[in-house]
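Student: Sequence first, then the predicted structure, then my questions.
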Amino acid sequence: MLPRICRCLAVASLAVAAGCASREPQPGEPPFTPASASELQDIAGVYAYELDGTRRLEIGTGGGYEETIEGSCFETPPDEGDVGTDSGVIVLRPEKRPLERIRMVSVAWGERRYLLEERDVPEFCQRVKSGDEPRRGAKGLFYLREGDWNRSAAGEPGVPQEWRAFLSEEARLGKVTWVEGDGRAWTSLNAAEVAKGRKVYVECARGWEDAEVVDVTEKDSVVRLVVEGEEIRAGARVATVKPGE
(Lines give C-alpha, C1' and ligand atoms only; values in the text may rest on other atoms or scores of the structure.)
Protein backbone atom coordinates (compact mmCIF):
# COMPACT_ATOMS: atom_id res chain seq x y z
CA MET A 1 0.00 0.00 0.00
CA LEU A 2 1.40 3.42 -0.98
CA PRO A 3 1.54 6.22 1.69
CA ARG A 4 -1.80 7.85 2.55
CA ILE A 5 -2.61 10.94 0.49
CA CYS A 6 -4.98 13.79 1.32
CA ARG A 7 -6.00 16.62 -1.02
CA CYS A 8 -5.37 19.89 0.69
CA LEU A 9 -6.65 23.45 1.03
CA ALA A 10 -6.29 24.33 4.72
CA VAL A 11 -3.03 24.38 6.70
CA ALA A 12 -2.43 22.44 9.91
CA SER A 13 0.21 23.49 12.42
CA LEU A 14 3.27 21.34 13.18
CA ALA A 15 4.47 20.56 16.70
CA VAL A 16 6.51 17.77 18.29
CA ALA A 17 4.50 15.31 20.35
CA ALA A 18 6.00 14.53 23.71
CA GLY A 19 4.68 10.99 23.70
CA CYS A 20 2.60 9.11 26.24
CA ALA A 21 4.47 5.80 26.52
CA SER A 22 3.93 5.69 30.29
CA ARG A 23 0.13 5.33 30.03
CA GLU A 24 -1.61 2.08 30.92
CA PRO A 25 -2.13 -0.24 27.89
CA GLN A 26 -5.68 -0.99 26.81
CA PRO A 27 -7.13 -4.54 26.74
CA GLY A 28 -6.03 -6.32 23.59
CA GLU A 29 -3.35 -3.78 22.80
CA PRO A 30 -0.27 -5.28 21.06
CA PRO A 31 3.07 -5.11 22.89
CA PHE A 32 4.94 -1.83 22.53
CA THR A 33 8.59 -1.13 23.33
CA PRO A 34 9.46 2.59 23.49
CA ALA A 35 12.46 3.64 21.40
CA SER A 36 15.64 4.29 23.35
CA ALA A 37 17.34 7.68 23.44
CA SER A 38 20.06 6.46 21.05
CA GLU A 39 17.49 5.06 18.60
CA LEU A 40 15.57 8.33 18.67
CA GLN A 41 18.74 10.32 18.09
CA ASP A 42 19.33 8.48 14.83
CA ILE A 43 15.88 9.11 13.38
CA ALA A 44 14.72 12.36 15.01
CA GLY A 45 13.78 15.12 12.60
CA VAL A 46 11.10 16.33 10.21
CA TYR A 47 10.26 14.23 7.14
CA ALA A 48 8.00 15.28 4.29
CA TYR A 49 6.62 14.51 0.86
CA GLU A 50 4.35 16.47 -1.46
CA LEU A 51 1.61 15.05 -3.63
CA ASP A 52 -1.50 17.20 -4.03
CA GLY A 53 -0.49 18.77 -0.73
CA THR A 54 2.19 18.33 1.91
CA ARG A 55 2.40 15.66 4.56
CA ARG A 56 4.93 16.04 7.37
CA LEU A 57 6.05 13.60 10.04
CA GLU A 58 8.13 14.86 12.95
CA ILE A 59 9.95 12.39 15.18
CA GLY A 60 10.89 14.00 18.48
CA THR A 61 13.80 13.11 20.74
CA GLY A 62 11.35 12.77 23.63
CA GLY A 63 9.73 9.62 22.26
CA GLY A 64 6.74 11.11 20.47
CA TYR A 65 5.74 11.85 16.89
CA GLU A 66 3.30 14.12 15.09
CA GLU A 67 2.02 13.79 11.55
CA THR A 68 0.25 16.70 9.87
CA ILE A 69 -1.29 17.43 6.50
CA GLU A 70 -1.20 20.86 4.90
CA GLY A 71 -4.09 21.65 2.58
CA SER A 72 -6.77 19.14 3.49
CA CYS A 73 -10.19 20.01 2.10
CA PHE A 74 -11.53 18.58 5.36
CA GLU A 75 -10.58 19.45 8.92
CA THR A 76 -7.49 17.31 9.55
CA PRO A 77 -6.27 17.28 13.15
CA PRO A 78 -2.67 16.21 13.74
CA ASP A 79 -2.02 12.51 14.30
CA GLU A 80 0.30 12.04 17.24
CA GLY A 81 1.53 9.32 19.51
CA ASP A 82 4.56 7.33 20.64
CA VAL A 83 7.65 6.02 18.85
CA GLY A 84 8.82 2.49 19.55
CA THR A 85 10.98 -0.18 17.94
CA ASP A 86 10.61 -3.86 17.12
CA SER A 87 13.61 -5.81 15.79
CA GLY A 88 15.03 -2.80 13.97
CA VAL A 89 11.66 -1.57 12.69
CA ILE A 90 10.26 1.78 13.87
CA VAL A 91 6.78 1.39 15.36
CA LEU A 92 4.36 4.32 15.67
CA ARG A 93 1.51 3.98 18.18
CA PRO A 94 -1.20 6.59 17.51
CA GLU A 95 -2.52 8.10 20.74
CA LYS A 96 -6.15 8.04 19.52
CA ARG A 97 -5.84 4.54 18.00
CA PRO A 98 -3.76 2.62 20.56
CA LEU A 99 -4.55 -0.79 19.03
CA GLU A 100 -2.97 0.28 15.72
CA ARG A 101 0.71 -0.05 14.92
CA ILE A 102 2.36 1.71 11.97
CA ARG A 103 5.60 -0.07 11.10
CA MET A 104 8.24 2.03 9.39
CA VAL A 105 11.76 1.45 8.11
CA SER A 106 14.56 4.00 8.27
CA VAL A 107 16.58 3.91 5.04
CA ALA A 108 19.87 5.78 4.72
CA TRP A 109 21.04 6.60 1.20
CA GLY A 110 24.25 8.55 1.02
CA GLU A 111 23.55 11.80 2.89
CA ARG A 112 19.79 11.18 2.81
CA ARG A 113 17.39 9.48 5.19
CA TYR A 114 13.96 8.15 4.25
CA LEU A 115 11.19 6.83 6.48
CA LEU A 116 9.11 4.22 4.64
CA GLU A 117 6.10 2.25 5.76
CA GLU A 118 7.44 -1.30 5.91
CA ARG A 119 5.05 -2.64 3.29
CA ASP A 120 6.00 0.21 0.91
CA VAL A 121 9.66 -0.86 0.59
CA PRO A 122 9.09 -2.87 -2.66
CA GLU A 123 7.42 0.16 -4.29
CA PHE A 124 10.30 2.35 -3.15
CA CYS A 125 12.78 -0.05 -4.75
CA GLN A 126 10.84 0.09 -8.01
CA ARG A 127 10.96 3.89 -7.90
CA VAL A 128 14.72 3.70 -7.42
CA LYS A 129 15.03 1.45 -10.46
CA SER A 130 12.83 3.74 -12.57
CA GLY A 131 14.86 6.81 -11.61
CA ASP A 132 12.03 8.54 -9.70
CA GLU A 133 14.23 8.27 -6.61
CA PRO A 134 16.45 9.92 -5.55
CA ARG A 135 14.16 12.85 -6.17
CA ARG A 136 15.28 16.48 -6.42
CA GLY A 137 12.47 18.10 -4.46
CA ALA A 138 9.77 17.48 -1.89
CA LYS A 139 7.32 16.07 -4.44
CA GLY A 140 7.21 12.29 -4.21
CA LEU A 141 5.54 9.30 -2.56
CA PHE A 142 7.76 8.63 0.46
CA TYR A 143 8.86 10.47 3.57
CA LEU A 144 12.29 12.06 3.12
CA ARG A 145 14.00 14.18 5.76
CA GLU A 146 13.34 17.83 4.93
CA GLY A 147 16.17 19.31 2.90
CA ASP A 148 17.68 15.93 2.03
CA TRP A 149 16.37 16.26 -1.52
CA ASN A 150 19.30 18.65 -1.96
CA ARG A 151 21.78 16.10 -0.61
CA SER A 152 23.63 13.38 -2.48
CA ALA A 153 22.46 9.77 -2.68
CA ALA A 154 25.56 7.78 -3.55
CA GLY A 155 25.47 4.03 -4.15
CA GLU A 156 22.32 2.03 -3.38
CA PRO A 157 19.76 2.81 -0.68
CA GLY A 158 20.25 0.86 2.53
CA VAL A 159 16.97 -1.05 2.48
CA PRO A 160 16.74 -4.01 4.88
CA GLN A 161 18.27 -7.23 3.62
CA GLU A 162 14.92 -9.00 3.26
CA TRP A 163 13.84 -6.43 0.64
CA ARG A 164 17.09 -6.04 -1.28
CA ALA A 165 15.99 -8.47 -4.01
CA PHE A 166 13.55 -5.79 -5.18
CA LEU A 167 16.53 -3.65 -6.25
CA SER A 168 17.78 -6.37 -8.60
CA GLU A 169 17.54 -6.06 -12.37
CA GLU A 170 15.09 -8.97 -12.68
CA ALA A 171 12.68 -7.68 -10.02
CA ARG A 172 9.23 -6.73 -11.29
CA LEU A 173 6.24 -5.75 -9.17
CA GLY A 174 2.58 -5.80 -10.17
CA LYS A 175 -0.90 -6.23 -8.73
CA VAL A 176 -3.75 -8.71 -8.95
CA THR A 177 -6.45 -7.11 -11.09
CA TRP A 178 -9.06 -9.89 -11.19
CA VAL A 179 -9.61 -13.08 -9.21
CA GLU A 180 -11.03 -16.08 -11.07
CA GLY A 181 -11.11 -18.54 -8.19
CA ASP A 182 -9.43 -21.94 -7.78
CA GLY A 183 -6.18 -20.15 -7.01
CA ARG A 184 -6.09 -18.33 -10.36
CA ALA A 185 -5.97 -14.58 -10.94
CA TRP A 186 -5.16 -11.95 -13.54
CA THR A 187 -2.25 -9.61 -12.80
CA SER A 188 -0.78 -6.41 -14.26
CA LEU A 189 2.51 -8.14 -15.11
CA ASN A 190 2.74 -8.48 -18.90
CA ALA A 191 4.73 -10.35 -21.54
CA ALA A 192 7.59 -7.86 -21.32
CA GLU A 193 7.98 -8.72 -17.62
CA VAL A 194 7.14 -12.43 -17.25
CA ALA A 195 6.91 -15.54 -19.41
CA LYS A 196 4.53 -18.48 -19.30
CA GLY A 197 5.74 -21.09 -16.83
CA ARG A 198 7.71 -18.61 -14.72
CA LYS A 199 7.50 -18.78 -10.95
CA VAL A 200 6.21 -15.61 -9.30
CA TYR A 201 5.13 -14.72 -5.78
CA VAL A 202 1.72 -13.45 -4.65
CA GLU A 203 1.13 -11.61 -1.40
CA CYS A 204 -1.41 -13.62 0.60
CA ALA A 205 -2.65 -13.65 4.19
CA ARG A 206 0.25 -15.83 5.40
CA GLY A 207 2.92 -14.05 3.36
CA TRP A 208 4.31 -14.23 -0.17
CA GLU A 209 3.23 -17.54 -1.71
CA ASP A 210 4.60 -19.33 -4.78
CA ALA A 211 2.58 -19.09 -7.99
CA GLU A 212 3.07 -19.98 -11.65
CA VAL A 213 2.35 -17.88 -14.72
CA VAL A 214 -0.10 -19.98 -16.76
CA ASP A 215 -0.91 -17.43 -19.45
CA VAL A 216 0.48 -14.07 -20.56
CA THR A 217 -0.43 -11.31 -23.01
CA GLU A 218 1.05 -7.97 -24.01
CA LYS A 219 -1.04 -6.31 -21.31
CA ASP A 220 -1.42 -8.77 -18.45
CA SER A 221 -0.98 -12.34 -17.22
CA VAL A 222 -2.76 -15.15 -15.39
CA VAL A 223 -1.13 -16.79 -12.39
CA ARG A 224 -2.06 -19.86 -10.34
CA LEU A 225 -1.10 -20.48 -6.73
CA VAL A 226 1.09 -23.53 -6.16
CA VAL A 227 0.18 -23.90 -2.48
CA GLU A 228 -3.29 -25.04 -1.42
CA GLY A 229 -5.35 -23.46 1.32
CA GLU A 230 -4.57 -19.85 0.39
CA GLU A 231 -6.67 -17.31 -1.47
CA ILE A 232 -5.63 -14.54 -3.85
CA ARG A 233 -7.21 -11.17 -3.20
CA ALA A 234 -7.84 -8.43 -5.75
CA GLY A 235 -5.27 -5.67 -5.30
CA ALA A 236 -2.67 -8.00 -3.79
CA ARG A 237 0.88 -7.54 -4.97
CA VAL A 238 2.64 -10.03 -7.22
CA ALA A 239 6.40 -10.05 -7.80
CA THR A 240 9.11 -11.90 -9.67
CA VAL A 241 11.29 -11.98 -6.54
CA LYS A 242 10.47 -13.04 -2.98
CA PRO A 243 11.26 -11.02 0.15
CA GLY A 244 14.05 -12.59 2.16
CA GLU A 245 15.55 -14.53 -0.76
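Tutor: Ah, there it is.
Student: Please count neighbours and contacts with C-alpha atoms only from this point.
Tutor: OK.
Student: buried set for stretch 126-146?
Tutor: For stretch 126-146, a neighbour-count test (16 or more other C-alpha atoms under 10 Å) marks 126-129, 133-135, 138-146 as buried.
Student: Out of those residues, which sit inside strands?
Tutor: The members of those that map onto strands under DSSP state E are 143-145.
Student: what about the helices in this structure?
Tutor: 37-43, 121-130 (DSSP state H).
Student: Select, out of those helices, the one closest to residue 159.
Tutor: Proximity to residue 159 (C-alpha to C-alpha) singles out helix 121-130 among the helices of the chain, at 7.6 Å.
Student: what is the rounded mean pLDDT of the closest one?
Tutor: Averaging pLDDT along helix 121-130 gives 97.
Student: helices or strands next to it in the packing?
Tutor: strand 173-181 (3 or more C-alpha pairs under 8 Å, 6 or more residues apart in numbering; DSSP states H and E).
Student: partners of the strand it packs on in the sheet?
Tutor: Applying DSSP bridges to the sheet, strand 173-181 is found paired with strand 184-187 (antiparallel), strand 237-239 (antiparallel).
Student: Kindly present those strands as a markdown table, with separate columns for distance to residue 98.
Tutor: Formatted as a markdown table, the strands paired with strand 173-181 follow (distance: least, C-alpha to C-alpha, whole Å):
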| stretch | distance to residue 98 |
| --- | --- |
| strand 184-187 | 36 |
| strand 237-239 | 28 |
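Student: In a markdown table, list those strands along with mean neighbour count.
Tutor: What follows is those, written out as a markdown table (neighbours: other C-alpha atoms under 10 Å):
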| stretch | mean neighbour count |
| --- | --- |
| strand 184-187 | 22 |
| strand 237-239 | 23 |
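Student: Show me which residues of stretch 109-119 are buried.
Tutor: 109, 112-118.
Student: which one of the buried residues of stretch 126-146 sits closest to residue 242?
Tutor: Using C-alpha to C-alpha, the buried residues of stretch 126-146 come closest to residue 242 at residue 126, 14.1 Å.
Student: ok, now which ones touch the closest one?
Tutor: By C-alpha atoms under 8 Å, 6 or more residues apart in numbering, residue 126 lies in contact with 166-167, 172-173.
Student: Just among those, which is most surrounded?
Tutor: Counting neighbours by other C-alpha atoms under 10 Å, residue 166 leads those with 26 neighbours.
Student: who touches that one in this structure?
Tutor: Counted by C-alpha under 8 Å, 6+ apart, residue 166 has contacts 122, 125-126, 172, 241, 243.
Student: Max pairwise distance over those: which two?
Tutor: So, the contacts of residue 166 by C-alpha to C-alpha: farthest apart are 126 and 243, at 13.8 Å.
Student: what's near enough to touch residue 160?
Tutor: residue 107.
Student: I'd like the distance between residue 123 and residue 131.
Tutor: Residue 123 is 12 Å from residue 131, where distance means C-alpha to C-alpha, to the nearest Å.
Student: Next step: the buried residues of stretch 109-119 restricted to strands.
Tutor: Using DSSP E, those in strands are 109, 112-117.
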